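Enquirer: The following comprises the amino acid sequence and a computationally predicted model.
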Amino acid sequence: MKIKTKLLKYLCSIILLGFATSIKSQTLTVGGTNWTVPITTITEAGNNYSGTYESVANQILLAASVPLLLGNAKVSVHYEPNPTWHNSLLLAAKRTGNGTTLCVLCTITGGTTYLPFTQTAVELFRIQAVLALASYSNIPIQIQLSGVSVTTPVASYNSRIVFTISGL
């Protein structure tokens with residue numbers, strides 16, 4: 001009888017631990033399409049490119065979920081060369097809206113102006129859950145590319161933009 005009781009307590013402890021772990025986890029789903037920057041050909045000597053290009057306001061759509069027990073989370077962004085990138089090219093991102101949520105007291109703050117980012121992650125915005133699960137969908141992100149110049153060697157430059165979510 002004691003063995004069954006101990007086994008039952010052990011199993012309940014494992015189940016509760018698994019449940020507590022899943023409650024504290026946050027999720028982030030990234031959607032949208034690839035962005036190919038439309039750079040106009042230079043036809044006259046002595047001219048340079050405009051230098052700065054912007055995607056559509058909802059180029060990337062994020063869906064984020066932050067449980068009440070976690071309370072706050074930050075969404076960060078960085079890029080990875082894919083396979084090559086030139087260090088004179090600069091990427092920046094901004095949040096152009098809040099997306100949709102059913103959580104009345106939850107908030108999204110920050111990230112509404114362009115934030116330059118590199119291969120090291122930087123915080124783009126924060127989500128706060130108050131008295132409920134903060135679940136947002138279709139958070140629109142706009143991307144900016146700058147530093148385009150005739151002095152940049154001709155090549156196809158590609159990068160992968162990576163978003164992460166973590167608790168505070």
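Expert: Done, it's in. Residues are numbered from 1 along each chain as shown.

Enquirer: C-alpha from now on. contacts and neighbour counts both.
Expert: Fine.

Enquirer: what about the nearest residue to residue 65 once chain neighbours are set aside, helix or strand, and which?
Expert: Spatial nearest neighbour of residue 65, chain neighbours left out: residue 135 (4.3 Å); criterion: C-alpha to C-alpha, 6 or more residues apart in numbering. Using DSSP states H and E, residue 135 falls within strand 134-146.

Enquirer: The helix or strand that that strand is followed by: partners in the sheet, and parallel or antiparallel?
Expert: Remark: after strand 134-146, the chain's next helix or strand is strand 159-167, criterion DSSP H and E. Applying DSSP bridges to the sheet, strand 159-167 is found paired with strand 72-81 (antiparallel).

Enquirer: quick one: contacts for residue 78?
Expert: With contacts defined as C-alpha atoms under 8 Å, 6 or more residues apart in numbering, the neighbours of residue 78 are 117, 118, 119, 120, 121, 122, 161, 162, 163.

Enquirer: In a markdown table, list those residues along with distance to residue 131, neighbour count and pLDDT.
Expert: As requested, the contacts of residue 78 are arranged in a markdown table below (distance: C-alpha to C-alpha, whole Å; neighbours: other C-alpha atoms under 10 Å; pLDDT from 0 to 100):
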| residue | distance to residue 131 | neighbour count | pLDDT |
| --- | --- | --- | --- |
| 117 | 33 | 19 | 97 |
| 118 | 35 | 15 | 95 |
| 119 | 35 | 12 | 96 |
| 120 | 33 | 10 | 96 |
| 121 | 29 | 15 | 97 |
| 122 | 28 | 17 | 97 |
| 161 | 32 | 18 | 96 |
| 162 | 29 | 13 | 96 |
| 163 | 26 | 18 | 97 |
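
Enquirer: shaky segments in the chain?
Expert: 1-24, 42-43, 46, 69-70 (pLDDT under 70).

Enquirer: That one: strands as residue ranges?
Expert: Applying DSSP state E to the chain gives strands spanning 27-32, 52-54, 60-66, 72-81, 90-95, 100-101, 107-109, 115-117, 122-128, 134-146, 159-167.

Enquirer: Would you mind saying which of those strands lies nearest residue 40?
Expert: Nearest to residue 40 among the strands of the chain is strand 52-54 (10.9 Å), distances taken as C-alpha to C-alpha.

Enquirer: Other residues contacting the closest one?
Expert: By C-alpha under 8 Å, 6+ apart, the list of residues contacting strand 52-54 from outside reads 37, 142, 143, 144, 145, 146, 147, 148.

Enquirer: Thank you, goodbye.
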